[in-house]
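# Curious how this folds, go ahead:
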Amino acid sequence: MTEPAWRSRAVRVLLSSIGVPLVLALAQIGPEPVRPASVAYAQAARPSDPDEAANLLFVKAVQLVEQAEAAADPGSRLALLQQAQANLDRIVQDYPGSHLAVLIIAGVPIGLFHRRDLSDEIAEIEAEAEAEAEIVRAYTGFDPNSEPWCEEHPDPCALFADAIATVNGIPRDRHRVVALSSVASIQSTVGLTEAARRAFTHAARMADETLGDGARGSAYMGIVEHQSAGGLIADAQAMAAAIDGEFRYAKALRYIAVALAMAGRTDEARLAFADAVDIALRASVREERRFRFLTDVAADQANAMLAQDAAETLSHLALLPIDPSTIDVVDLDFASHTETWAQIGRTAAEGGRLDLAQQAFADAFASARRIENEHSRGYAFGQVICVQVVAGLGADALSIAESIADEDLRRSARHAIVRGQLDAGLFDQALGTARMAFEGRSLAYHLMQIARAQAETGLIDDALETVAEADALSAAHDVDVGWLRAVVMSDIGRAEMAAGMTDLAQQRLSEAIIIAREVEGPHDAAQALYVIAKAEAAMGFAELAQARFDEAAAMARRIEDADDAVVMLRLIASAEDAAGFIEHARGRFVEAGERLPSIENEVLRQLAYYRVASEAAEAGYTDIVQRLFTDILEVAGHGRNDTDRSFDFSRIAGQQARAAAALLEAEQGSPEPRIEGNPCL
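All right, here's what the predicted structure looks like:
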């Protein structure tokens with residue numbers, strides 16, 4: 001705010017310039033508290049001389065200005081300045097023949113005082129107050145009535161309001177800034193663009209007013225990340241320009257580059273990625289942080305189908321001192337590095353760059369060999385081999401798997417190959433690999449999984465042959481895969497129904513039900529009955545499907561582990577909703593919610609709350625979603641320190657915003673398709 005023309009010395013000058021001695025003026029005014037101008041005027045005795053009366057009002061105005069200078073908040077300052085302005089207006093209205101009235105009307109400065117300065121100051125404070133009030137209206141209370149969007153979507157809007165209320169309850173300023181940005185990002189994606197922009201503005205203001213330099217820079221970076229995720233790329237670029245510190249700026253550029261790539265602005269994305277890498281390479285930062293950042297950038301580039309750029313980014317790692325004995329690079333870093341090289345290989349292969357793909361997979365294996373933990377190393381090898389198969393380089397994968405000396409790692413690699421072959425639709429190769437790699441119960445399990453994949457693609461006879469082989473194996477080795485056999489039978493029945501073989505399909509379902517009812521263990525039985533119920537619903541047998549869902553739920557209630565029971569009830573509820581059994585689904589979600597508090601592990605309990613709330617939101621059950629979040633907030637708010645509460649409330653606010661977006665999709669009846677994960681991960 002610019003310095004006003006009037007200050008203490010100037011006040012004394014102007015008082016003497018109008019011929020009123022300062023001591024006399026102050027004595028006449030006295031130290032009485034400020035009252036509304038109309039009351040003050042009514043109580044003041046009017047001197048008979050217009051000039052004297054005008055002078056007294058002017059002196060009062062000046063004192064009000066002085067009081068405004070010392071006011072602690074903008075609201076008090078504004079009120080005092082408005083009273084001072086009212087005094088000047090009164091001079092003109094009541095004493096138009098006075099010398100001061102003539103000067104005020106003419107717009108002539110009185111000493112160092114000018115009425116225009118006072119008016120400008122009032123206008124500036126009012127504008128700032130209105131801007132702040134707008135932000136407060138939207139994000140301290142987030143009144144659904146203040147947004148036109150909310151009139152069309154009251155339930156999602158109410159949940160966004162809950163998310164903002166959760167943000168406001170976060171004790172730590174830094175967490176509050178990032179949590180508000182997270183909510184704003186989701187608001188932007190659902191059409192609340194201007195509301196999101198106001199939230200980001202408020203988040204930046206909170207960072208400026210409450211955080212130190214280091215924390216403020218991290219908060220700015222978080223705001224950029226969420227602006228980018230929300231598609232507000234220009235806003236993110238503007239915020240990134242305010243970030244101090246090269247490495248933080250490089251991270252911000254990475255978020256912007258990802259957003260540009262997702263928006264189809266590939267050339268701009270490549271430039272942003274390149275700038276991020278260049279800045280990170282010269283930034284003053286620990287080498288392990290640089291290692292991780294470059295690996296993350298390369299993964300983003302590979303996911304954006306920029307395989308060559310990703311390979312070039314990872315090539316910089318060879319120049320870094322990444323010896324675990326000298327810096328803190330752990331197995332997790334090399335596992336991430338391995339996964340990135342594998343993704344580069346898949347992207348390159350899909351783009352026809354087989355030379356780059358083969359080199360990328362070789363580098364992936366080299367990175368995996370640096371993982372010290374044997375189990376983690378075996379898992380990483382399996383990932384790479386599976387991705388190779390999915391990428392169409394199965395011959396290389398098999399030869400590499402057979403070259404692994406350790407028997408357990410070799411078997412793990414073969415298992416990964418089967419997964420990749422199934423994903424690629426190579427069923428004969430998957431059968432060959434399974435027969436070579438496994439025996440006994442493990443082979444029977446893999447054969448049943450292959451039969452499921454065959455049935456899902458309509459290869460009914462092949463699926464039946466594979467099941468027969470698994471049955472013979474189970475009988476010979478006295479192994480039990482009954483629940484999985486029931487599932488496979490229902491899958492085959494669905495395929496037969498789709499092929500017009502109704503009688504066979506019904507017989508197959510009857511067989512599956514008999515098998516499922518004989519399964520030992522409530523968890524496996526519930527899972528088998530749940531899959532059968534989904535098949536019956538898909539085949540149009542509504543009454544049978546509802547009876548089977550009820551049967552599956554009864555088994556789920558018998559599961560001792562509360563987390564497993566909640567998972568099963570949640571799955572049943574979602575399937576019932578998809579099948580149109582609305583009231584049953586509602587009751588099942590409520591039942592799952594009632595079981596949640598009995599989950600002993602705190603982390604698992606919180607994740608279970610989120611998952612139940614998320615799926616209930618996808619189904620459109622607003623009241624259940626809000627009740628679940630109320631329960632989890634109650635738990636998070638008690639008996640914990642500020643840091644723990646800040647982390648918990650931040651996560652909850654983000655989940656509430658995601659649930660709001662899910663409710664919107666449920667309203668519109670066109671939910672976003674779920675992104676299938678990598679089958680190799």
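# so where is the stretch 551-681 of the chain shaky, pLDDT-wise?
637-640, 670-681 (pLDDT under 70).
# in the protein, what secondary structure element scores lowest on mean pLDDT?
Least confident element among the helices and strands of the chain, by mean pLDDT, DSSP states H and E: helix 22-29 (a mean of 34).
# starting at the chain centroid, how far to the helix or strand containing Ile514?
Secondary structure from DSSP states H and E places Ile514 in helix 502-517. When distances are taken as CA atoms, centre = their mean, to the nearest Å, helix 502-517 is centred 43 Å away from the chain's centroid.
# Now it: buried residues?
504-506, 508-509, 511-513, 515-516 (16 or more other CB atoms under 10 Å). The way it works is simple: take the backbone N, C-alpha and C, and place the C-beta from them, glycine included.
# And the average pLDDT for the helix or strand just after that helix is what?
Heading C-terminal from helix 502-517, the first helix or strand you meet, by DSSP H and E, is helix 522-538. The average pLDDT within helix 522-538 is 92.
# Output helix 522-538 in CSV, but only the C-alpha positions, please.
As requested, C-alpha coordinates have been extracted for helix 522-538 and formatted as CSV (Å, rounded to 0.1, in the frame of the first residue of the first chain):
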residue,chain,number,x,y,z
PRO,A,522,-15.7,-67.9,4.8
HIS,A,523,-13.4,-65.5,2.8
ASP,A,524,-12.8,-67.9,-0.1
ALA,A,525,-16.5,-68.8,-0.1
ALA,A,526,-17.7,-65.2,0.0
GLN,A,527,-15.3,-64.3,-2.9
ALA,A,528,-16.6,-67.2,-5.0
LEU,A,529,-20.3,-66.4,-4.4
TYR,A,530,-19.7,-62.7,-5.1
VAL,A,531,-18.2,-63.5,-8.5
ILE,A,532,-21.0,-65.9,-9.3
ALA,A,533,-23.6,-63.3,-8.3
LYS,A,534,-22.0,-60.8,-10.7
ALA,A,535,-22.2,-63.3,-13.4
GLU,A,536,-25.9,-64.0,-12.7
ALA,A,537,-26.6,-60.3,-12.8
ALA,A,538,-24.7,-59.9,-16.1
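# packing partners for that helix?
helix 482-498, helix 502-517, helix 542-557, helix 562-579 (3 or more CB pairs under 8 Å, 6 or more residues apart in numbering; DSSP states H and E).
# what's the angle between that helix and helix 502-517?
Note on geometry: by axes from the mean of the first three to the mean of the last three CA atoms, to 10 degrees, helix 522-538 and helix 502-517 are set 160 degrees apart in direction.
# ok and helix 522-538 relative to helix 482-498, angle-wise?
Using the same axes, to 10 degrees: helix 522-538 against helix 482-498 is 0 degrees.
# buried residues in helix 522-538?
Buried residues in helix 522-538, counted by 16+ other CB under 10 Å: 522-538.
# chain center to it: distance?
32 Å.
# Contacts for it, please.
Residues external to helix 522-538 that are found in contact with it (CB atoms under 8 Å, 6 or more residues apart in numbering): 482-484, 486-487, 490-491, 493-494, 497, 509, 512-513, 515-517, 519, 544-546, 548-549, 551-553, 555-556, 558-559, 561, 564, 568, 571-572, 575, 578-579.
# do you know how far the closest residue to Val487 other than its chain neighbours is from Ala68?
Spatial nearest neighbour of Val487, excluding adjacent residues (CB to CB, 6 or more residues apart in numbering): Val531 at 4.7 Å. For Val531, the distance to Ala68 (CB to CB, to the nearest Å) stands at 73 Å.
# How about Gln388?
From Gln388 over to Ala68 (counting by CB to CB), the distance is 74 Å.
# These two - which one has more neighbours?
Counted by other CB atoms under 10 Å, Gln388 and Ala68 do not tie: Gln388 has more neighbours, with 30 against 24.
# any idea how far that one is from Ala342?
Distance of Gln388 to Ala342, computed by CB to CB: 8 Å.
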